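**Q** Predicted coordinates and the sequence they were generated for:
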Amino acid sequence: MSYILILFLVILAIFLRFVIGVELRSILTIYLLGLIVYLFSFTVAEMPPFGRPDNPAFNEVPARYLEAGPSETGAINIISSVITDYRAFDTLGEATVLFVAIAAAVATLKSHRY
Amino acid sequence: MLEDQIVRITSRLVAPFIQVYGIYVILHGHLSPGGGFSGGAIFGASLVLIALSFNLEAGVKQISHQTASVLESGGALGFTVTGLIAIALGGNYLANRAAGFPLGEAGQFFSSGAIMVITVFVGIKVASTITTLFYNIIEKETPHGNSKQAD
Amino acid sequence: MESAGHQPVLIIVTLLISAFLSPLLYRWRKFLSGMVLLAALTGAFVTALTLLGQVARSGELSYYLGNWPPPWGIELVIDPLRVYMLLVVTGVSLWIFVYALRDLEHELHHDVIGWYYSLYALLVASMSAMTLTNDLFNLFVLMEICAISACAIITIKDKRECLEAGFKYLIMSAMGTGCFLLGVAMIYMVTGYLNFSFIQTGLAAALSEYPLNIFTAAALFIVAFGTKAALFPLHVWLPDAHASAPSPSSAMLSGLVIKIYAFALFMIFYRVFPRSLLDAIPLNEIILWLGAMGVMFGSIYAMLQTDLKKMLAYSSIGQIAFIFMGIGLDQPLALTGGLYHIMVHAFTKSMLFMSAGAIIYSTGVRRISDLAGIGRVLPIPLLAFTIGSASMIGLPGTGGLISKWYLALGALETGRIFFLLVILASSLLNAIYYMPIVINAFMSGDEFKEKVKTVPPSMQATLVVGILLVVISGIFSRQIIVLFEQALTSLY
């Protein structure tokens, strides 16, 4: 089966290159991307199914966020309590990313205006 | 810029409501979906709407360059200083309950201590970011440094 | 683990505050804005020194942001290796900034210098935080700040090629950040944690159930950090970016920014991945071969360059690969060499870029062939260049020898003679392209023809400090090596 697939791919490459006239570089890129998609599909197949209650991600971390969140942070919006209290430093980082983006854009636009 | 009467009247009518809604989303960040990032984006979008449907000067009248960049730095500074206040109160950096911010009763408007303060600062930051970015991209500057409106 | 004082977070916050203030301050008082940042950088460096004292007294410390213990909150960890890296980051950035104060005036438009200060402070803040953080998602956020500000200090110069180089860098490093985020998502999915220490135990347990997810995440991490640190086949953005940037930016980018990602990869390998994962797939072997290729190809490309800064940039690809070889050999002595090379190369390459900057500042010459006889008109920049070249080659008395020595010992210890030969061959190649410049600059019979502007004293002083740093790191290396030995034994 796999021999047939490889043969098909080789013939397709020859067809694309010499009959349609696609560049060799593009063909190789497409094949490489195809290979990566092929390999990633195994990883995706192995992932824990979405929303299953005994997934590794459902451990004591979200449990505490959900159960003790309102009493520990005073916010009934759990997302808010996570992003601005439990993990507020990340949000400070994100706010800084906005500042950097502005600083970068303004600096670049200003210096190339003259 | 658009020279259309319908667009102008509509956006003039709609803009204040968008702004009030943005402020509402920011202030209720700890109670309902939304928060600083989304509320700030809504508020910033209203200023962009005005600048787009009228002209840049009308937008600048609402928030000038100077104000926008002060708010820009101010929002980020407010966030960091809130964290430092937590240290001054005896907690670690960006602590909320541990630093003794009054949490209030969960579900009330005035609750959740530092979360609300941080959300407001993030909202200011995001709104001014969107405005500043928009102004900077659409306007051209002459070699003498005067702001000039792009066509 | 004991709890640290507030110093680690104060370093980051001081730099952030000075970054937020400097555009406003610059509009008000130009001079003050530079001084505020200088004070913040000095403060950061001094605080990092006090942290070193604390770590020496009480071992590993941790700091819970917002008083939330891990895995719920974000944790900063202060251990000897991180403090070493923090000292390198804050120290070298302070040193480069003193140089930048004068150099920027002639390279940038005066309107944007305030923004440059701001971006510089953000870059240093994000790098300092990257050394300390013990949280994978926090690392991602800091990488974003670092990537954008590193790009912006290239594009801030009003040259067309800077825009091109910066754009290329932006795309490549955004791709790297994207790969990293995907990897973090996969790791979180199979372990449920973001804290390094929790992931390490979680991964060891999850390895049998979700091997492919973990392998993919590891591959993504290698691509992410490889792109950002210019590991050999992913280096294509580096030469243009580092060569076209203003000289202080080049010194910063080549001296620190690529190293911080190499250090982050080291942290991921030894603090996030459990030993069983490193044994299961030959991750170190991949890094080792890519590093060896980088060492060779970086040197060979550098030989072909005619532009001084471009040559230095290609040489960085070869030198960063030494650090990766240290990780790849997976052996305490080699890791010692690799980690020591982080500091040595930060000193050396920053000094080389600064002396190139001084040459360009005073004469405007960039072509290597035009440098004949320049040593007699610009003695201090060229002396700095000579010492830097000696360190790059690994001559005795410079830091370059120490790191290459330990790498070679590591290669011998593991019985990989081939890599010993790679290290020796690259030293030879370095000699081939560095030495002619030095000899030409001092010995050439021709008089230097171009007009010469005097180099400001502050720039000369930073170069002298650089010479001292390179020589001191070559002579008094014992203390740091002992520190590494203690820290690295805990990894095996």
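**A** Yep, that arrived. Numbering: from 1, shown residues only, chains lettered A, B, ... in the order given.
**Q** So which residues on the stretch 1-150 of chain C come close to chain A?
**A** Contacts of the stretch 1-150 of chain C with chain A, taken as C-beta under 8 Å from any C-beta of the partner chain, map to C:16, C:19-20, C:23, C:65-66, C:68, C:71-74, C:108-109, C:111-112, C:115-116, C:118-119, C:122, C:125-126, C:129, C:137-138, C:141-142, C:144-145, C:148-149. To be clear about C-beta, it is placed using only N, CA and C from the backbone, and glycine gets the same treatment.
**Q** neighbours around residue C:58, how many?
**A** Residue C:58 has 12 neighbouring residues, counting by other C-beta atoms under 10 Å in any protein chain shown.
**Q** let me redo that: residue B:31
**A** Residue B:31 is flanked by 19 other residues according to other C-beta under 10 Å.
**Q** Quick check: it touching residue A:75?
**A** Yes. With contacts defined as C-beta atoms under 8 Å, residue B:31 counts as touching residue A:75 at a distance of 7.5 Å.
**Q** what does chain A have sitting close to chain B?
**A** A:70-77, A:79-81, A:83-85, A:88-89, A:91-92, A:94-96, A:98-99, A:101-102, A:105-106, A:109-110, A:113-114.
**Q** What separation do you get for residue C:417 and chain A?
**A** With the distance defined as C-beta to the nearest C-beta, to the nearest Å, residue C:417 ends up 34 Å from chain A.
**Q** I figured that residue hits residue C:423, correct?
**A** No. Contact status for residue C:417 versus residue C:423: not in contact, 10.7 Å apart, counting by C-beta under 8 Å.
**Q** wait, isn't residue C:27 in contact with residue C:113?
**A** No. Applying C-beta under 8 Å as the test, residue C:27 and residue C:113 come out as separate, 11.0 Å apart.
**Q** higher neighbour count, these two?
**A** Of the pair residue C:27 and residue C:113, residue C:113 is the one with more neighbours under other C-beta under 10 Å, namely 23 against 13.
**Q** just checking, residue B:30 is part of a strand?
**A** No. When classified by DSSP: H, G, I helix; E, B strand; the rest coil, residue B:30 is found to be coil rather than part of a strand.
**Q** State the distance from the nearest residue to it once chain neighbours are set aside to residue A:84.
**A** On the basis of C-beta to C-beta, 6 or more residues apart in numbering or on different chains, the spatially nearest residue to residue B:30 that is not a chain neighbour turns out to be residue A:75, at 3.7 Å. To residue A:84, residue A:75 is 8 Å away according to C-beta to C-beta, to the nearest Å.
**Q** Show me which of those two is the more surrounded one.
**A** When residue A:75 and residue A:84 are compared on other C-beta under 10 Å, the one with more neighbours turns out to be residue A:84, at 33 against 29.
**Q** hang on, that one packs against residue B:115?
**A** Yes. Under the criterion of C-beta under 8 Å, residue A:84 lies in contact with residue B:115, with a separation of 4.7 Å.
**Q** anything in contact with each of the two?
**A** When C-beta atoms under 8 Å, 6 or more residues apart in numbering or on different chains defines a contact, the residues bordering residue A:84 and residue B:115 alike are A:75, B:29-30.
**Q** what about residue C:398, neighbour count?
**A** The number of residues packed near residue C:398 is 26, by other C-beta under 10 Å.
**Q** any weak-confidence spans in chain C?
**A** Counting by pLDDT under 70, chain C contains low-confidence residues at C:1-2, C:445-446, C:449.
**Q** For chain B, what's the nearest residue on it?
**A** Ranked by C-beta to the nearest C-beta, the top residue of chain C for proximity to chain B is residue C:67, at 3.5 Å.
**Q** how about the helices of chain A, start to end?
**A** Taking DSSP state H as the criterion, chain A carries its helices at A:2-14, A:24-46, A:60-73, A:78-81, A:88-111.
**Q** Could you check how far the third one is from the centre of its chain?
**A** When you say that, I think you mean helix A:60-73. 27 Å (C-alpha atoms, centre = their mean, to the nearest Å).
**Q** now for that helix, which elements pack on it?
**A** With contacts defined as 3 or more C-beta pairs under 8 Å, 6 or more residues apart in numbering or on different chains; DSSP states H and E, the secondary structure elements packing on helix A:60-73 are helix A:78-81.
**Q** quick one: average confidence on the helix it packs on?
**A** Across helix A:78-81, pLDDT averages out at 90.
**Q** ok, that helix near chain C or not?
**A** No. For helix A:78-81, no contact with chain C is found by C-beta under 8 Å from any C-beta; the gap never falls below 10.8 Å.
**Q** Find the residue closest to residue C:260 in space, skipping its chain neighbours.
**A** Nearest residue to residue C:260, sequence neighbours excluded (C-beta to C-beta, 6+ apart): residue C:127, at 4.8 Å.
**Q** Many thanks, I have nothing further to ask.
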